[in-house]
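Asker: quick check, what structure comes out for this input:
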Amino acid sequence: MKKFLIVMIVLLIFLAIGQVIYYKTRSNNISSNGLENFYLEDSAQEEKLLEIKGLDSIYNEYSPKISMEKLQKNMYKFIESISSLKNEIHNLNTEQLKSYFQENNTFIMQNYYINSEEEFIMIGKQLQNIFNANDVVLYEYGMELASISQLQNGIICFNMIFTFDNDIALKVKVNLSQTSDNMLITSASDLDKIYDTYTGNIKKIEVLDKISTFVKNISNLKTATSLKSENEKREYFTINNELMQELGITTQDDFISVAYQINNMKWTYGNTAFKNYSINYESLRNEEDYTSFEVKLYFSDENEMHLIISISNDENVEKPIKIKGNNQDILDKIHELDPNINLNEIDINNLNQ
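Answerer: So this is what the prediction gives:
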């Protein structure tokens, strides 16, 4: 009997050890899923860390109060939670994004570290642009070390860029404190960078809404201008002046430059679909009453539209936002084909005739 009890005890010990090994191995397999795919299927009980290259230099130089480990956990939670956020806000317009923030502001602060309506909308608009034509995307992450700066009142900021496989990036600024372990995340898109120097009264959201309105009308503009003469296009502008103002097209010449961009695309049986856009901060120019910058619209079949958006510097300007086609690249191609041609003698508005 004694030997029997000893054998049973030994068997139970081995069984217990086997269970420990099994669950430990299973746990390790779960936690090794990593960030290769944007859809992180497992919400493991233990908090995961987002490895951030160059983070040591921030702590060595600026000493934020939040621990490095907690910051990495927070950033992991931020990027992990975005997959569900993008599904919820995918089709929301600006007013609906405002309502979403007002109804969920506590949750948004706890999971995304965003505490203002404007910042939530700007980050939401970035997500909508990234996922407009992609259901599943992959991303890499990196940090702009050159953008690190210590602001007043002990606030330390650095930018993080999450680059997706459609070459569109989510750009955010992480704000840390030297006196508390709280943190905030704000938008750091190229449009946000433009507004770091822009001094006028046009809001960032107004610019994004103008781009959205323009995109929704591209197909109709294509139908209205395809195979039309210059005079017919000018007449269309005059007849539809109210629509033109809504789109930000303020002159006949600007409309013809836009029509050229539209008609220069390869429309595939009418199925050419808009994918996303990019704003070129490097193109920023201050031109008396307006601040201007380039915007590219990307479509299926590798089509692109190149635009220039101008926002007024003075609130008394009659036309606050203007859009026209950016046809400089066409002139550059002409010059490349014939370096001796006088580009000043070319009427860009008539290139598609």
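
Asker: can I assume Glu232 sits in a helix?
Answerer: Yes - residue state for Glu232 (DSSP: H, G, I helix; E, B strand; the rest coil) corresponds to a helix.

Asker: from Thr225, how far out is it?
Answerer: With distances taken as Cβ to Cβ, to the nearest Å, Glu232 is found 8 Å from Thr225. The way it works is simple: take the backbone N, C-alpha and C, and place the C-beta from them, glycine included.

Asker: quick one, which of those two is more surrounded?
Answerer: Legend: neighbour count by other Cβ atoms under 10 Å for Glu232 and Thr225, higher for Thr225 (21 against 12).

Asker: now the more buried one. Nearest residue, chain neighbours left out?
Answerer: Take Thr225 and drop its neighbours on the chain: the residue closest to it by Cβ to Cβ, 6 or more residues apart in numbering is Ala259, 4.1 Å away.

Asker: let me know how buried that neighbour is, in neighbour terms.
Answerer: Here the neighbour count serves as a burial measure; for Ala259 (other Cβ under 10 Å) it reads 24.

Asker: what segments of the protein are helices?
Answerer: When assigned using DSSP state H, the helices of the chain occupy the ranges 2-31, 55-62, 68-89, 94-112, 117-130, 190-195, 204-216, 218-225, 230-239, 241-247, 252-263, 328-337.

Asker: residues of stretch 320-329 that come out buried?
Answerer: By 16 or more other Cβ atoms under 10 Å, the buried positions in stretch 320-329 come out as Pro320, Ile321, Lys322, Ile323, Lys324, Gly325, Asn326, Asn327.

Asker: need the CA coordinates for it. PDB is fine.
Answerer: Taking Å, rounded to 0.1, in the frame of the first residue of the first chain, the C-alpha atoms of stretch 320-329 are listed here in PDB:
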ATOM      1  CA  PRO A 320     -10.700  81.500 -48.200                       C
ATOM      2  CA  ILE A 321      -9.600  78.100 -49.800                       C
ATOM      3  CA  LYS A 322      -8.600  77.800 -53.500                       C
ATOM      4  CA  ILE A 323      -7.800  74.700 -55.500                       C
ATOM      5  CA  LYS A 324      -6.200  74.400 -58.900                       C
ATOM      6  CA  GLY A 325      -4.300  71.800 -60.900                       C
ATOM      7  CA  ASN A 326      -0.600  71.700 -60.500                       C
ATOM      8  CA  ASN A 327       0.600  71.200 -64.000                       C
ATOM      9  CA  GLN A 328       4.200  72.100 -63.500                       C
ATOM     10  CA  ASP A 329       5.300  68.500 -63.800                       C
END
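
Asker: between the helices of the chain, which gets the lowest average pLDDT?
Answerer: Mean pLDDT values for the helices of the chain show the minimum at helix 2-31, a mean of 47.

Asker: Pro64: what's it in contact with?
Answerer: For Pro64, the contacting residues are Ile58, Leu71, Ile156, Leu176, Ser177, Gln178, taking Cβ atoms under 8 Å, 6 or more residues apart in numbering as the criterion.

Asker: hang on, Asp301 packs against Lys275?
Answerer: No - in terms of Cβ atoms under 8 Å, Asp301 does not count as a neighbour of Lys275; the distance is 10.1 Å.

Asker: so between those two, which is more surrounded?
Answerer: Lys275 (17 against 11).

Asker: pretty sure that one sits against Asn132.
Answerer: Yes - in this structure Lys275 lies within contact range of Asn132 using Cβ under 8 Å: 6.1 Å.

Asker: if I look at those two, which residues touch both of them?
Answerer: Overlap between the neighbourhoods of Lys275 and Asn132 is empty, taking contacts as Cβ under 8 Å, 6+ apart.

Asker: including pLDDT, could the buried residues of stretch 320-329 go into JSON lines?
Answerer: Output for the buried residues of stretch 320-329, formatted as JSON lines (pLDDT from 0 to 100):
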{"residue": "Pro320", "pLDDT": "95"}
{"residue": "Ile321", "pLDDT": "97"}
{"residue": "Lys322", "pLDDT": "97"}
{"residue": "Ile323", "pLDDT": "97"}
{"residue": "Lys324", "pLDDT": "96"}
{"residue": "Gly325", "pLDDT": "95"}
{"residue": "Asn326", "pLDDT": "92"}
{"residue": "Asn327", "pLDDT": "80"}
